[in-house]
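Trainee: sequence unavailable; structure follows:
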């Protein structure tokens, strides 16, 4: 069974290469980018500017294969793929929570961008803490590493 | 440009019908379900059991059309589609943060399930507050309504 999607826009960022990219929005604090929503979909942006944060779902368009075990950026041991945020996945869908500064003529001006320039946008959802935030959590192998995420950058491993 | 995905598993829940479903995980507190991951992908579940919460991305498989303006469950006014979490979207990808209780033989036992039984699973990501949680946010039209989400149920409007 195949499921077909098509981009609704393009994400623009300062990151032309996978190497040296921040690995999560938390590591991309202040990095600015834009989302160019295709004209056919711009009417759906109404009311979005009331939200300070949005969830972007996008296609990891450079990911054409995957391994079920990967050594993540923040660890030295191989981990199960679904216990990581590695971009090479069976369905390479990326998810980033970014700050929305303003919307002008179908262009979203965003901050905390950890996304490659030219990335195809699949969906935009409003970020709502009651739906999306969990405070008391366990985070497994990431427990020690996650506080260092803001200083970690990508390298060539997922090229 | 088309992007093709294929399910990596199936989500099981008590919700056979769209009507009367909780509209978000926050409204489905304690509702139990399972995720049956297809055998080919089970090796990727290693280490996932260290995480108390996971992000499920799935296909809203009953959504075959969309309107760019919708009246959301928690409001009376038409809103821009991308400022809502309505299931009928150009790319009908659902996102839920659920609690992970245990993993047995490729089956994830989860709680806080607001997902229709039989839903095709696209991806599993570990939930990590440093990546995914935002505390100080504005939530536009949802500002007043969002605290009432736990008492709201679905109706037939997105059938």
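Mentor: Sure, I can see it. Predicted model, so just to flag it, every value in this text is computed and none were measured. Residues are numbered from 1 along each chain as shown, chains lettered A, B, ... in the order given.

Trainee: okay, CA-based contacts and neighbour counts for the rest of this
Mentor: Noted.

Trainee: quick check: pLDDT value at the most centrally placed residue in chain A.
Mentor: If you average the C-alpha coordinates of chain A and look for the closest C-alpha using CA atoms, centre = their mean, you land on residue A:96, 3.1 Å from that point. At residue A:96 the predicted local distance difference test score is 94.

Trainee: again, but for residue A:74
Mentor: In this model, residue A:74 is scored at 75, pLDDT.

Trainee: what number of residues lie near it?
Mentor: Other residues near residue A:74 number 18, with proximity taken as other CA atoms under 10 Å in any protein chain shown.

Trainee: can I assume it sits in a helix?
Mentor: No. In this structure, residue A:74 is coil, not part of a helix, as judged by DSSP: H, G, I helix; E, B strand; the rest coil.

Trainee: what separation do you get for residue A:100 and residue A:79?
Mentor: For residue A:100, the distance to residue A:79 under the criterion CA to CA, to the nearest Å works out to 33 Å.

Trainee: residue A:123 too?
Mentor: Remark: distance between residue A:123 and residue A:79 (CA to CA) = 28 Å.

Trainee: what of residue A:67?
Mentor: Shown here: residue A:67 relative to residue A:79, a distance of 10 Å by CA to CA.

Trainee: of these two, which one has the most company?
Mentor: For residue A:67 versus residue A:79, neighbours defined as other CA under 10 Å are more numerous around residue A:79 (21 against 14).

Trainee: you'd agree the more buried one is up against residue A:70?
Mentor: Yes. Using CA atoms under 8 Å, residue A:79 is in contact with residue A:70, at 5.4 Å.

Trainee: for chain A, which strand is longest?
Mentor: Identified as the longest strand of chain A according to DSSP state E is strand A:93-104.

Trainee: return the list of strands paired to it, each annotated with direction.
Mentor: Sheet pairing for strand A:93-104, assigned by DSSP bridges, gives strand A:53-59 (antiparallel), strand A:107-111 (antiparallel).

Trainee: sheet-wise, list the partners of the next helix or strand after the longest one with their directions.
Mentor: As assigned by DSSP states H and E, the chain's next helix or strand after strand A:53-59 is strand A:69-70. Strand pairing for strand A:69-70, using DSSP bridges, gives strand A:79-80 (antiparallel).

Trainee: residues contacting the closest residue to residue A:3 other than its chain neighbours?
Mentor: Setting aside the residues directly before and after it, residue A:3 is nearest to residue B:5 in space (CA to CA, 6 or more residues apart in numbering or on different chains), at 5.0 Å. Residues in contact with residue B:5 (CA atoms under 8 Å, 6 or more residues apart in numbering or on different chains) are A:2, A:3, A:4, A:5, A:91, B:122.

Trainee: hmm, try it at 7 Å
Mentor: Shown here is residue B:5, whose contacts under the criterion CA atoms under 7 Å, 6 or more residues apart in numbering or on different chains are A:2, A:3, A:4, A:91.

Trainee: neighbour-wise, which of the residues you listed leads?
Mentor: residue A:91 (24 neighbours).

Trainee: how much space between that residue and chain B?
Mentor: Distance of residue A:91 to chain B, given as CA to the nearest CA, to the nearest Å: 6 Å.

Trainee: quick check: phi and psi at the closest residue in space to that residue that isn't next to it in sequence.
Mentor: Distances taken as CA to CA, 6+ apart place residue B:5 nearest to residue A:91, at 5.7 Å, with adjacent residues excluded. The phi and psi values for residue B:5, taken as degrees, to the nearest 10, are phi -120, psi 160.

Trainee: report pLDDT for residue B:5.
Mentor: Confidence at residue B:5, expressed as pLDDT, is 97.

Trainee: next one: the one 3 residues further on
Mentor: According to the model's per-residue confidence, residue B:8 sits at a pLDDT of 98.

Trainee: partner residues bridging the closest residue to residue A:46 other than its chain neighbours?
Mentor: Distances taken as CA to CA, 6+ apart put residue B:80 closest to residue A:46, at 4.2 Å, once the chain neighbours are dropped. The bridge-partner assignment for residue B:80, based on DSSP bridges, gives residue B:69.

Trainee: right, I'll call it a day here.
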